[in-house]
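Visitor: sequence first, predicted model second:
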Amino acid sequence: MKPRRGSLFVISAPSGAGKTTLCQRLCERLSGIKHSVSFTTREPRPGELNDVHYTFVDKDTFRAMAAQGDFVEWAEVHGNFYGTSRKRIEEMLSAGLDVLLDIDVQGARQIRQNAADCRFIFILPPSMEVLRMRLAGRMSDTEEVIERRLRNAVKEIGEYKNYDYVIINDIFEEALTDLVAIVRSERCAISKVDHAWIEQQFLKEG
């Protein structure tokens, strides 16, 4: 069988819903899938490593890359820029790897306009009260920032109907199981089948 081209999975959620952790665990659970490392201008949080969690650049560098068309999508979120490298994505898909894009709804809109073979997944918290608790539990944001993120969350959740799948991240392991099932089902899609191999193995006369 010839190597299949990978699939692109776009995962969005309001800040604090747990999408980044779900993506990381998905990559640990399944082989052949990579979590795309985005570029950002925000400061690293404690424990975050450059080129592992994000590629951290300054705003001038980011703007220059955007002007050159280096990003398949980019957006400004909470005063910082985030972008997905066009080159990185294409290299992974061409190598047969499935790719996860952990991006906001603005970036998802851009991907939706430009990518034909893509599945969109929205992660919801079980409630706004739980979302507030999770944001506060980070111990990294002021109350003002938390309130702004909650206001933005309402707008972001309003986009959920534009996605192919919705997962409620209440019990983490159940949400992860749902995410794994989506990726596995897409790998079995008819568009990913090696039709020439099937013809040769099963349908060739004689």
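Guide: It's in. Numbering: from 1, shown residues only.
Visitor: poorly predicted segments of the protein, please.
Guide: Scanning the chain with the threshold set as pLDDT under 70 gives 1, 115-116, 206.
Visitor: hey, where'd the strands end up in this protein?
Guide: 8-12, 33-35, 39-40, 55-56, 71-77, 80-85, 98-102, 118-124, 165-168 (DSSP state E).
Visitor: next, count neighbours for residue 91.
Guide: Using other CB atoms under 10 Å, residue 91 has 12 other residues around it. C-betas here are computed from N, CA, C, even on glycine.
Visitor: how close does it get to residue 65?
Guide: To residue 65, residue 91 is 16 Å away according to CB to CB, to the nearest Å.
Visitor: what's the answer for residue 38, then?
Guide: 12 Å.
Visitor: the more surrounded of these two?
Guide: residue 38 (21 against 18).
Visitor: isn't the more buried one up against residue 77?
Guide: No: Residue 38 is not in contact with residue 77 according to CB atoms under 8 Å; the separation is 10.8 Å.
Visitor: in contact with the nearest residue to residue 120 once chain neighbours are set aside, which residues?
Guide: Of all residues not flanking residue 120 in the chain, residue 163 sits nearest, at 4.2 Å (CB to CB, 6 or more residues apart in numbering). Residues near residue 163 by CB atoms under 8 Å, 6 or more residues apart in numbering: 12, 108, 120-122.
Visitor: and the residues you listed, which two are the farthest apart?
Guide: The most widely separated members of the contacts of residue 163, counting by CB to CB, are 108 and 121 (9.7 Å).
Visitor: and for these two, which residues touch both?
Guide: Counting by CB under 8 Å, 6+ apart, the residues touching both residue 108 and residue 121 are 10, 12, 163.
Visitor: neighbours of the first one, how many?
Guide: When counting by other CB under 10 Å, one arrives at 26 neighbours for residue 10.
Visitor: is it in a bridge, and if so with what?
Guide: residue 101, residue 120 (DSSP bridges).
Visitor: and the shared contacts of residue 108 and residue 121 as TSV, adding distance to residue 188?
Guide: Output for those, formatted as TSV (distance: CB to CB, whole Å):
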residue	distance to residue 188
10	20
12	24
163	20
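Visitor: which one of those residues is nearest residue 204?
Guide: residue 10 (38.5 Å).
Visitor: my guess is that closest one meets residue 122, correct?
Guide: No: when contacts are counted by CB under 8 Å, residue 10 is not listed as touching residue 122 (9.3 Å).
Visitor: if we can go back for a sec, switch the strands of the chain over to JSON lines; also include distance to residue 49.
Guide: As requested, the strands of the chain are arranged in JSON lines below (distance: least, CB to CB, whole Å):
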{"stretch": "strand 8-12", "distance to residue 49": "21"}
{"stretch": "strand 33-35", "distance to residue 49": "13"}
{"stretch": "strand 39-40", "distance to residue 49": "13"}
{"stretch": "strand 55-56", "distance to residue 49": "9"}
{"stretch": "strand 71-77", "distance to residue 49": "21"}
{"stretch": "strand 80-85", "distance to residue 49": "17"}
{"stretch": "strand 98-102", "distance to residue 49": "16"}
{"stretch": "strand 118-124", "distance to residue 49": "23"}
{"stretch": "strand 165-168", "distance to residue 49": "27"}
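Visitor: good, wrapping up.
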